[in-house]
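J.: dropping the sequence and predicted coords here.
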Amino acid sequence: MNSSEELGVKRKTKPSASSIAKRAKTKHVTANDLQWKQTQKPREADMGTGMDGFLDLEEVDDVEVVYEETEGGKVIRFKVKGPAEDQEDAIDVQDTTGEPSGTAVENLDVDMLPDPITFDSETLLPAWDTFQLHPQLARSLYVRKFTEPTPIQAQTLPLALKNRDVVGVAETGSGKTLAYGLPILHHLLTEAYSRPIPSSKTRRPVRALIVTPTRELALQVSSHLNACLTHADVEVEDAESAEGASVESQISKPKPKAKGKGKAKAKLVEVQDDKPKHLPLVCVAAIVGGMSAQKQRRVLSRGVDVLVATPGRLWDIIQEDDELATQIENLRFLVLDEADRMIESGHFAEMDNILRLTLRKQDDEIIEPENQEGEAEDSKEDVRAGELQTFVFSATLSKDLQKNLKKRTHGRRRKNEKPASTLDDLLLRLDFRDPEPAVVDISPVGSVVATLTESKIECLVTDKDAYLYYFLLRYPGRTLVFLSAIDGIRRLLPLMDLLGVHAFPLHSQLEQRQRLKNLDRFKSTPGAVLLATDIAARGLDVPAVDHVVHYQVPRTADAYVHRNGRTARAMRRGFSLLMCAPDERKVVRALMHHLNRTEDEIPEMPVELHMLDKLKARIQLARSIDNAQHKIKKENHERNWLKETAEAMELVLDSDLESDDGGAEAAPSKQKRKARAAKTAGLKAQLKEMLAQPLVARGVSTRYITSGVHSIADDLLAGEYHENMVGLKKVEAGTDVVPAKARKQKANPKATARVSAKEEEEEWGGISSQ
Ligand SMILES: Nc1ncnc2c1ncn2[C@@H]1O[C@H](COP(=O)(O)OP(=O)(O)OP(=O)(O)O)[C@@H](O)[C@H]1O
């Protein structure tokens, strides 16, 4: 049985007259006009690997590349043969692999897709059953072992599935992406299965737009949602024979239709042959800056159902694409992920322009009539299916802002009313169709995630490198170090390299390809360090970040919360270290005050000062090497530049400038350069030797391991021997921190409605570690 029969679609058996005519033709077209076909790429390619920078891979058949001489020089042309018979025959069914095939299709003999395979979520996923999610999503959750919804998912799903607009606030790493993603995918999948198959000639409209502040986050969200769509070829088997079997235990082809729930119960079968054969049923794609806009336009022109985008690139494309602008005007879902960051990223204007497209056409000013007593409850019934639904999510949306949002939706926005902040302003521009958007705020008091241990070090700015190095050696693990400026990253990177620390940079001045590559290297290198600016602070979900270090104190309380949120995600433990110089204390006080906390709530991290002194000597030497290398590099660069410029201008350089001991400005002589290189090599050798020396704690004897103040033998026996720092116990960061006075649990009016941290932990028991 071939794939078309399996899916109940008839092939066209004879080529049409027009197709034969077309086949005879050969045309010259531009790259954009070619019939590009999606080809499979590994899923992990979305976030890096060898395919960094690729949104998708496409291929094209029957095209010859020719070079043509034109007045403007040599240009590439593409010679296209007419569509071949088999292309014309191709089928336009869609599957749910998330991988479009892009094959051109016409004249289908079917108008409905086959039913999805049913999934018995009542038995397999009881905790999710109440939401009656599309079987495909349920199946995906099951396969990924997401046995129960996280608290934010549990609270927002029922609202979102009832067409309500939702403002969701919950701690970092608590699963907000799926809290808004599942209702969207549920709706689109249900719709897709019940609508006629759209012709590939007509562009599928964008139904959901998700705007994120950073490119990495957009790519991550897109790949997260695609992952929910990739278990299409999983089928439920007969219960009796399958009970107790593991999910991935068997491989088989999916049946065309599974009728009714029947006894299908316990076993899922995943199909390995995941080659994309058809256009996806629901297509999710990301449009971000720093990557080929041309390619992104092509992806859009093929049809995207869920568009995840950063505001800058999206607005650029919208300006040239009227059809997309119209689609945005008619969206079914609009999501602002990390809404409060949107205004910081310098994209306010673009964001505003995009939001304007989503306003209702008439009478933008009026949201709904003045609220009257007793009206609120009834008004919830006014939410109409099919209208735009808006979701706003973040870990940090102030209570004031939430109140303002409500106020705004309750009555008319007065024409000259001034919003309290830029974020207020942005959110007030949202045209919620829901008369009373639901606000679900389950963020913990002080925005501190229960599984996070915080700590601080107070030190001079000049000692921060040594303390950082100490921390990295003392507590090996995947560590994300936040710096306020790119210059700091550029300075630290060679230092880390000389000290033998695997560190990668991430900042906005790197090419997007490089950003993704570095992020991927950070993910795949155990114990790696990522030196990043705040572009990495929001939303990034790297599952195994053990530590976050604030090398410089963040500028805002929200930044502190979000930076911390890169660790201690999904109920895993995490540790954050705040490095605070004397002149930063004021900022720390202010940001703690903003979080309703006090500075002394963050305990000091213990430091073995004897070790620190030894590390300072290493750092000093590494700095000298770096300075020397930098000087040599700069001189080489200047000399080369001078030579090249002189050659280009056909000038002869003054011998003073070219070499030897000319004036102070002159380039150093060869001899001097040699001497300098030798000195640097000497310093390097010295450092190498230093790095090879073990770091031994005071009072510890390495000669007699059972003697000294602290016996190494005991550590060895207890399995707590520290390879980097002999004589210190090998412990996880945070376990040796003496807790500061218990965090004051300020009376919270909503406290009773919320689950306590402990209860929440229990609720999260089902979260698997990945
Ligand atoms: N129901 C679930 N069960 C188990 N794990 C889940 C569940 N939902 C989401 N996750 C996982 O939890 C992790 C964090 O999710 P997500 O990135 O959506 O968090 P977030 O709340 O958006 O965080 P942030 O505020 O930092 O953006 C992800 O790795 C995700 O796959």
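T.: Alright, I've got the coordinates.

J.: show me which residues of the stretch 51-200 of the chain sit near the ligand.
T.: Proximity of the stretch 51-200 of the chain to the ligand (CB under 6 Å from any ligand atom) is limited to residues 146, 149, 150, 153, 172, 173, 174, 175, 176, 177, 178. (Glycine included, C-beta is placed from N, CA and C.)

J.: among the residues you listed, who's most crowded?
T.: Most neighbours among these, by other CB atoms under 10 Å: residue 172, with 28 neighbours.

J.: state the pLDDT value of that one.
T.: You'll see residue 172 listed with a pLDDT of 91.

J.: pretty sure it sits against residue 569.
T.: Yes: between residue 172 and residue 569 a contact is recorded at 6.7 Å, counting by CB atoms under 8 Å.

J.: which residues touch the nearest residue to residue 347 once chain neighbours are set aside?
T.: Spatial nearest neighbour of residue 347, excluding adjacent residues (CB to CB, 6 or more residues apart in numbering): residue 311 at 4.1 Å. With CB atoms under 8 Å, 6 or more residues apart in numbering as the criterion, the residues that contact residue 311 are 211, 213, 342, 345, 347, 350, 351, 354.

J.: surely the third one and residue 336 touch.
T.: Yep, that's residue 342 we're talking about. Yes: the pair residue 342 and residue 336 qualifies as a contact (CB under 8 Å) at a distance of 6.5 Å.

J.: and for the two, which residues touch both?
T.: residue 211.

J.: how about the residues of the stretch 451-600 of the chain by the ligand?
T.: Within the stretch 451-600 of the chain, the positions near the ligand by CB under 6 Å from any ligand atom are 539, 541, 543, 565, 569, 570.

J.: and the longest helix for this structure?
T.: With DSSP state H applied, the helix covering the greatest number of residues in the chain is identified as helix 609-648.

J.: and that one, what does it pack against?
T.: Helix 609-648 is packed against helix 464-474, helix 486-498, helix 670-692, strand 695-696, with contacts defined by 3 or more CB pairs under 8 Å, 6 or more residues apart in numbering; DSSP states H and E.

J.: who wins for proximity to residue 189 among these?
T.: Smallest distance to residue 189 across the helices and strands packed on helix 609-648 (CB to CB): 42.4 Å, for helix 486-498.

J.: let me know the angle separating the closest one from helix 609-648.
T.: Put simply, helix 486-498 runs at 110 degrees to helix 609-648, going by axes from the mean of the first three to the mean of the last three CA atoms, to 10 degrees.

J.: packing partners of helix 486-498?
T.: Under the contact criterion of 3+ CB pairs under 8 Å, 6+ apart, helix 486-498 touches helix 464-474, strand 503-506, strand 529-532, helix 609-648.

J.: now do 6 Å
T.: Applying 3 or more CB pairs under 6 Å, 6 or more residues apart in numbering; DSSP states H and E, one finds that helix 486-498 makes contact with strand 503-506, helix 609-648.

J.: go through those and find the least confident stretch.
T.: Taking mean pLDDT as the measure, helix 609-648 is lowest among these, coming in at a mean of 85.
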